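>>> predicted model and sequence follow; I will ask about them next.
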Amino acid sequence: MTDFNEKLDASGLNCPLPILKAKKKLNSLESGQVLYIVATDSGSVKDFDAFCKQTGHSLLESTEADDKYHYYIKKA
């Protein structure tokens, strides 16, 4: 498990809400801080990968366990 500064539970939300909520939460973080996200939307795997490539944030970890998707994103 990676250390993180903030957690976002996006369980039950479908695209594009997990990305939009993550973007808002990342805006409140300082550069270098890590946001941990839990989502249930299987489409979020591709969405968060593309989001990080477009914004310059680092996707530190992306895993699936117990029908949930876990992401650790480091703010650029």
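Received the coordinates, thanks.

>>> sec struct for residue 72, please.
strand (DSSP: H, G, I helix; E, B strand; the rest coil).

>>> also residue 42?
Here residue 42 is recorded as coil under three-state DSSP.

>>> give the contact list for it.
residue 69 (C-beta atoms under 8 Å, 6 or more residues apart in numbering). The way it works is simple: take the backbone N, C-alpha and C, and place the C-beta from them, glycine included.

>>> could you check how far it is from residue 76?
Computed as C-beta to C-beta, to the nearest Å, the residue 42 to residue 76 distance reads 26 Å.

>>> need the phi and psi values for the residue lying farthest from the centre of the chain.
Relative to the centre of the chain, the most outlying C-alpha is that of residue 66, 17.1 Å out, by C-alpha atoms, centre = their mean. Phi and psi for residue 66, reported as degrees, to the nearest 10, are phi 50, psi 40.

>>> burial count for residue 65?
Counted with other C-beta atoms under 10 Å, the neighbours of residue 65 add up to 8.

>>> oh, I was asking about residue 67
In terms of burial, residue 67 registers 8 neighbours under the definition other C-beta under 10 Å.

>>> contacts only, for the spatially closest residue to it that is not a sequence neighbour.
Counting by C-beta to C-beta, 6 or more residues apart in numbering, residue 40 is the residue found nearest to residue 67 once chain neighbours are left out, at 6.7 Å. Taking C-beta under 8 Å, 6+ apart, we find residue 40 in contact with 10-13, 67-69.

>>> and the least confident of the residues you listed?
When the contacts of residue 40 are compared on pLDDT, residue 67 comes out lowest, with 93.

>>> distance of it relative to residue 22?
From residue 67 across to residue 22, the span is 19 Å (C-beta to C-beta).

>>> swap in residue 28?
11 Å.

>>> many thanks, we can stop here.
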